[in-house]
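>>> Only the shape, not the letters, is given here:
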């Protein structure tokens, strides 16, 4: 039990009136922090995947291609 005393003022609050809202606030902050980090990591993964695909496409284009005529000889 938390007691607040002052001149002409006395009040008692149950600890649950402070603990429950604190737990809710900490949970919400944790949830939004998780969502933010997950969103940023997802964007990073998508960017890396796009770069990897671009690199593969570039390698296919620059790789030496043999013509069908050179194989016939």
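Everything's here; your move. Everything quoted here is computed from the prediction, not taken from an experiment.
>>> Give me the average confidence score over the helix or strand harbouring residue 50.
Using DSSP states H and E, residue 50 maps to helix 16-62. Helix 16-62 carries an average pLDDT of 93.
>>> per-residue confidence at residue 5?
Confidence score, pLDDT, at residue 5: 68.
>>> ok, residue 51 - how many residues close by?
The number of residues packed near residue 51 is 10, by other C-beta atoms under 10 Å. No exception for glycine: its C-beta is placed from N, CA and C like everyone else's.
>>> do you know how far it is from residue 62?
Noted for residue 51: a distance of 16 Å to residue 62, by C-beta to C-beta, to the nearest Å.
>>> circling back: what's the spacing between the helix holding residue 50 and its chain's center?
On the basis of C-alpha atoms, centre = their mean, to the nearest Å, helix 16-62 sits 2 Å off its chain's mean C-alpha point.
>>> residues of stretch 15-25 that come out buried?
Residues of stretch 15-25 include none that count as buried (16 or more other C-beta atoms under 10 Å).
>>> Relative to the whole chain's centre, how far out is that stretch?
The answer for stretch 15-25 is 26 Å, by C-alpha atoms, centre = their mean.
>>> just to revisit the earlier point, what is the helix holding residue 50 packed up against?
Of the remaining helices and strands, none touches helix 16-62 by 3 or more C-beta pairs under 8 Å, 6 or more residues apart in numbering; DSSP states H and E.
>>> ok, now how distant is residue 30 from residue 54?
Residue 30 sits 36 Å away from residue 54, going by C-beta to C-beta.
>>> ah, wrong one, I meant residue 40
In terms of C-beta to C-beta, residue 40 sits 21 Å off from residue 54.
>>> Repeat that for residue 29.
From residue 29 across to residue 54, the span is 38 Å (C-beta to C-beta).
>>> Could you do residue 14 as well?
Residue 14 is 61 Å from residue 54, by C-beta to C-beta.
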